[in-house]
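**Student:** fold the stuff below for me.
(chains A and B)
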Protein chains: 2
Amino acid sequence: MCAEEENIQIDWEKCPIHNTLEAIRGKWDYKIILSLNQGSKRFGELLESLQGISAKTLTYSLKKLEKKNIIEKNVYLVVPAHVEYTLSNKGMALKNVFHEMRKWGRTWEK
Amino acid sequence: MCAEEENIQIDWEKCPIHNTLEAIRGKWDYKIILSLNQGSKRFGELLESLQGISAKTLTYSLKKLEKKNIIEKNVYLVVPAHVEYTLSNKGMALKNVFHEMRKWGRTWEK
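**Tutor:** Numbering: from 1, shown residues only, chains lettered A, B, ... in the order given. Alright, predicted model coming up:
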């Protein structure tokens, strides 16, 4: 998967599977992505949809995901002005990963 | 993905995606699975293939993965007796998840 030949020590920094897991495995990261997978949300809506997350942690996680270009922050200069978070193309492209996870989880983690 | 209708709070314990990530996201868990994906290995071979892992941590992670039925421990009563670790069917079925992760990682995490 990551090392072509057997018994070669895997260089995890160059392993695409490792990098994908690093991008989504944070306690709240994949939960935020899954919540935004249902459509754009404001901060308050995200806070409400993610039981147990604090505003501070949500702020930190959103900044992390934005920095990784997995989500986008859109500012609407209307009255009143507001901010919405949405999945980027990169974020939306995770749907195949989540699709396979969902299948495996349903089959093996009942 | 996990909540059928929008704005319903997701019950993570029942979410197959959450359960799949919980099964593989441990720092060394998916690395052990990927290493065994290349074939059965003895403890020493695993230790060698996973740079930076301690024998204590490897022992703990192997027990965890065995308890989740993702890997199997085979004892060979030959002279000298030895133990090999291998992916179970459940473990092997993760290959589609890793396949999609590899694709996403190669596309978006260069």
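
**Student:** going forward, measure contacts between C-alpha atoms and count neighbours the same way
**Tutor:** Will do.

**Student:** list the contacts for residue A:54?
**Tutor:** Contacts for residue A:54 (C-alpha atoms under 8 Å, 6 or more residues apart in numbering or on different chains) come out as residue A:47.

**Student:** contacts for stretch A:60-70, please.
**Tutor:** The contact list for stretch A:60-70 (C-alpha under 8 Å, 6+ apart) reads A:23, A:28, A:29, A:71, A:72, A:73, A:87, A:88, A:89, A:90, A:91, A:92.

**Student:** per-residue pLDDT, the second one?
**Tutor:** The per-residue pLDDT reported for residue A:28 equals 95.

**Student:** look up phi and psi at the residue lying closest to it once chain neighbours are set aside.
**Tutor:** Distances taken as C-alpha to C-alpha, 6 or more residues apart in numbering or on different chains place residue A:61 nearest to residue A:28, at 7.0 Å, with adjacent residues excluded. Backbone torsions of residue A:61, given as degrees, to the nearest 10, read phi -70, psi -40.

**Student:** got it, and residue A:81?
**Tutor:** Dihedral angles for residue A:81 - degrees, to the nearest 10 - are phi -70, psi 150.

**Student:** any weak-confidence spans in chain A?
**Tutor:** Applying pLDDT under 70 to chain A flags residues A:1-9.

**Student:** now with 50?
**Tutor:** A:4 (pLDDT under 50).

**Student:** residue numbers of it in contact with chain B?
**Tutor:** Contacts of chain A with chain B, taken as C-alpha under 8 Å from any C-alpha of the partner chain, map to A:1-2, A:6-10, A:15-17, A:19-21, A:25, A:34, A:37-38, A:48-51, A:90, A:93-94, A:96-98, A:100-106, A:108-109.

**Student:** what subset of the residues you listed is buried?
**Tutor:** A:1-2, A:7, A:10, A:15-17, A:19-21, A:25, A:34, A:37-38, A:49-50, A:90, A:93-94, A:96-98, A:100-106, A:108-109 (16 or more other C-alpha atoms under 10 Å in any protein chain shown).

**Student:** which of those residues fall within helices?
**Tutor:** A:16-17, A:19-21, A:34, A:49, A:90, A:96-98, A:100-106, A:108 (DSSP state H).

**Student:** ok so, going back, the residue nearest to residue A:28 and chain B, how far apart?
**Tutor:** 17 Å (C-alpha to the nearest C-alpha, to the nearest Å).

**Student:** and that residue, how many residues sit next to it?
**Tutor:** 17 (other C-alpha atoms under 10 Å in any protein chain shown).

**Student:** that concludes my questions; thank you for your assistance.
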